[in-house]
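Colleague: No sequence on hand, only this structure:
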């Protein structure tokens, strides 16, 4: 029996009603994150679902297979959402046969007759055959193999082009990085979302766990130490090189702690709420080391309150002293760091 937490917020994702916090499974991509037995991971998925975290995303490692096994093993009384990806990194002939084979492979791994959300990534923008691939995905959606189609790490220009050419309601989401540190979606992508009724599924919202009480009043960690996860190495580099400095980051954490005290929340709750308060955001994807480390109870506290104008002003006073608003030019638009 799935016991939904009544405080959990939801949003409309095409025909699906989805929670606004999803469980990201990218940490199944490598043992560098820490690992647990598959049986324990499946049990943790069931526990997440019981708490209302009924949406799971990503295709890394054995994520799709474990998700399929979890759904088969546990009798759930509510709809569980499984989102995966089809990523095209090398030159590919996007024929109907190739596209359908990619979709059916994911259906087989996930042990499902229909993919809830198929997120599409195309590496080379100069090859415009991504439109051909997307039209085939639309056909497969009409045939019942896909419930909703989303994008992954597409920039504002290409997202607008795709949504315009495919028609209203064709693309439900775009999975991109968005946080207090990385605010690039505010510069272009937000307008595309509003124009086409597309929602963002955001990752990196907690910067690999750095936007948390654990790092308040802590010295800057060694980027090359073996004590950091792959995500932490990635986001530490962004914090100290692209965004600002560790000292300024500590000022941000201090401000977030003051705000958190007012709302009786954690720093992570405030950082998550700041992202969720943007109307173009559908959900935040929180990476979970299932069976190793997760924060389901604390994450629930991101709901049930709103940041006040004073809260946002205090946050903005720190952000305006950072390079955050200039990262759109130093790094590029959403997804540019992967191209």
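Modeller: Received, thanks. Bear in mind that the values here come from a model prediction, so they are computed numbers and not experimental data.

Colleague: The most far-flung residue of the chain relative to its centre: which element?
Modeller: What lies farthest from the middle of the chain is residue 97; by CA atoms, centre = their mean that is 29.2 Å. Taking DSSP states H and E as the criterion, residue 97 maps to helix 96-110.

Colleague: What of residue 135?
Modeller: Assigned by DSSP H and E, residue 135 falls in helix 130-142.

Colleague: So which residues of the stretch 1-150 of the chain form strands?
Modeller: 10-13, 16-19, 21-24, 55-57, 81-88, 115-122, 146-152 (DSSP state E, counting those that start in this stretch).

Colleague: Just name the most buried of those strands.
Modeller: Of all the strands of the stretch 1-150 of the chain, strand 55-57 has the most neighbours on average by mean count of other CB atoms under 10 Å, namely a mean of 27. The C-beta positions use only the backbone N, C-alpha and C, and glycine is treated the same way.

Colleague: what does that one contact?
Modeller: 18-19, 22-25, 45, 48, 63, 67, 80-84, 117, 119, 175, 201, 283, 285 (CB atoms under 8 Å, 6 or more residues apart in numbering).

Colleague: how about a cut-off of 7 Å?
Modeller: By CB atoms under 7 Å, 6 or more residues apart in numbering, the list of residues contacting strand 55-57 from outside reads 18-19, 22-25, 45, 67, 81-83, 285.

Colleague: pLDDT on it, on average?
Modeller: Per-residue pLDDT over strand 55-57 has a mean of 94.

Colleague: Which positions within the helix holding residue 135 qualify as buried?
Modeller: Within helix 130-142, the residues that qualify as buried are 130, 133-138, 140-141, counting by 16 or more other CB atoms under 10 Å.

Colleague: before we move on, what about stretch 61-78?
Modeller: For stretch 61-78, by 16+ other CB under 10 Å, it's 61-64, 66-71, 74.

Colleague: Which strands and helices lie in contact with the helix holding residue 97?
Modeller: In this structure, helix 96-110 makes packing contacts with helix 63-73, strand 81-88, strand 115-122, helix 130-142, judged by 3 or more CB pairs under 7 Å, 6 or more residues apart in numbering; DSSP states H and E.

Colleague: That one: which residues count as buried?
Modeller: Within helix 96-110, the residues that count as buried by 16+ other CB under 10 Å are 99-100, 102-103, 106-107, 109-110.

Colleague: with the residues you listed in mind, which one is nearest to residue 53?
Modeller: Relative to residue 53, the closest of the buried residues of helix 96-110 is residue 110; by CB to CB it sits at 17.5 Å.

Colleague: got the contact list for the nearest residue to that closest one once chain neighbours are set aside?
Modeller: In space, and not counting its chain neighbours, residue 110 is closest to residue 68: 4.4 Å by CB to CB, 6 or more residues apart in numbering. Neighbouring residues of residue 68 by CB under 7 Å, 6+ apart: 109-112.

Colleague: where do the helices sit along the protein?
Modeller: 38-50, 63-73, 96-110, 130-142, 156-166, 189-196, 230-237, 246-263, 267-276, 296-300, 309-319, 327-330 (DSSP state H).

Colleague: Figure out how far the shortest one is from the centre of its chain.
Modeller: The chain centroid and the centroid of helix 327-330 are separated by 21 Å under CA atoms, centre = their mean, to the nearest Å.

Colleague: what does the third one give?
Modeller: Taking the mean of its C-alpha atoms, helix 96-110 sits 23 Å from the chain's own mean (CA atoms, centre = their mean).

Colleague: quick one: it to strand 146-152, angle?
Modeller: 100 degrees (axes from the mean of the first three to the mean of the last three CA atoms, to 10 degrees).

Colleague: Begin at 264 from now on, thanks
Modeller: OK, 264 is where the count begins now, so the last one is helix 359-373.

Colleague: Tell me the predicted confidence for the residue nearest to residue 495 when sequence neighbours are not counted.
Modeller: Excluding the flanking residues, the one nearest residue 495 by CB to CB, 6+ apart is residue 471, at 4.3 Å. Looking at residue 471, its pLDDT is 92.
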